[in-house]
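1. below are the sequence and a predicted model; questions follow.
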Amino acid sequence: MTNRVEINVHRDQVEAALVAYFHIDPAVRVFFNGHTLVVGAAGEFISRAEAKSRDLSVFFTGKPCPAGHICERRTTNYECVECTRERSLTSSRRRRAAKKAPPPVTITPLINGRPLDDYRTWCSTTLGDTARDTVVGWLAKHDPERLAIMDATPEATQRDGYWLMHRCRERGIEITKVPAPTVLKEQGIDEVNAYPVWLLAERLA
């Protein structure tokens, strides 16, 4: 093939070689083969067979790849150089984006300024009998937002207490006295009534 020259240079000397030998002519095609710079005029084609015979890493046919790139292809696997570059850039961008992505934020719901679990503990009484609970305790477990609106005061649950006591007497259900939860102890109440959870659900659910 005419109009081709090979010059042994290191990669960091490529620019100097182009200046010295080709006067930075933009209409040249450059191929790297180890430390050999192979330069041909624009429009020259190198077949894959010729590239293999010359031990070149790339060749140029002038035909577009499936992605539409008209550029060199790799001699070893026929892959388009531009496709390889774009895939590498995409992978690099994904890695950088993954590194920059902020850690997931865990939002702890607050009820009256307290984390939900703490609020439930604050409003609950620990009972050995899981079949019973207090009005405030039941609401803390099943409807803490509603309890927060009611401010968990004795007056707020008074009507519920009257209804529950009346139903217990009506149906012959025992009413148990239990230690008040912390929220009520802070208001000076030491004991409250505990009712069957099914009756609490009947009233409060």
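-> Good, I have the coordinates.
2. mean confidence score for stretch 81-94?
-> This predicted structure assigns stretch 81-94 an average pLDDT of 85.
3. which of the residues in that stretch are buried?
-> Buried residues in stretch 81-94, counting neighbours by 16 or more other Cβ atoms under 10 Å, are found at 81-83. The way it works is simple: take the backbone N, C-alpha and C, and place the C-beta from them, glycine included.
4. how far off centre is that stretch?
-> Centroid separation for stretch 81-94 versus its chain: 23 Å, with Cα atoms, centre = their mean, to the nearest Å.
5. repeat that for stretch 58-69.
-> Its chain's C-alpha centre lies 38 Å from the corresponding centre of stretch 58-69 when counted by Cα atoms, centre = their mean.
6. swap in stretch 137-154?
-> 34 Å.
7. what does stretch 59-71 give?
-> Counting by Cα atoms, centre = their mean, stretch 59-71 comes out at 38 Å from the chain centroid.
8. and for it, what are the contacting residues?
-> 29, 43-48, 50-51, 72-73, 75, 80-83 (Cβ atoms under 8 Å, 6 or more residues apart in numbering).
9. 10 Å - rerun?
-> The contact list for stretch 59-71, computed with Cβ atoms under 10 Å, 6 or more residues apart in numbering, reads 29, 31, 40, 43-52, 58, 72-75, 78-83, 85-86.
10. could I get the average pLDDT for that stretch?
-> Throughout stretch 59-71, pLDDT has a mean value of 83.
11. show me the helices in this protein, by range?
-> With DSSP state H, the ranges of helices along the chain come out as 14-22, 48-53, 81-100, 116-123, 135-142, 144-150, 158-171, 182-185, 197-204.
12. deepest of the ones you listed, which one?
-> Between the helices of the chain, the one whose residues have the most neighbours on average, counting mean count of other Cβ atoms under 10 Å, is helix 135-142 (a mean of 23).
13. what separates that one from the chain centre, distance-wise?
-> A distance of 35 Å separates the C-alpha centroid of helix 135-142 from that of its chain, computed with Cα atoms, centre = their mean.
14. which strands or helices does it pack on?
-> Here helix 135-142 touches helix 116-123, strand 132-133, helix 144-150, helix 158-171, helix 182-185, strand 191-196, helix 197-204, going by 3 or more Cβ pairs under 10 Å, 6 or more residues apart in numbering; DSSP states H and E.
15. export these to JSON lines and tack on distance to C65 and mean pLDDT?
-> Written out in JSON lines, the entries for these read as follows (distance: least, Cβ to Cβ, whole Å; pLDDT from 0 to 100):
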{"stretch": "helix 116-123", "distance to C65": "58", "mean pLDDT": "79"}
{"stretch": "strand 132-133", "distance to C65": "72", "mean pLDDT": "89"}
{"stretch": "helix 144-150", "distance to C65": "60", "mean pLDDT": "76"}
{"stretch": "helix 158-171", "distance to C65": "75", "mean pLDDT": "89"}
{"stretch": "helix 182-185", "distance to C65": "72", "mean pLDDT": "84"}
{"stretch": "strand 191-196", "distance to C65": "76", "mean pLDDT": "90"}
{"stretch": "helix 197-204", "distance to C65": "69", "mean pLDDT": "89"}
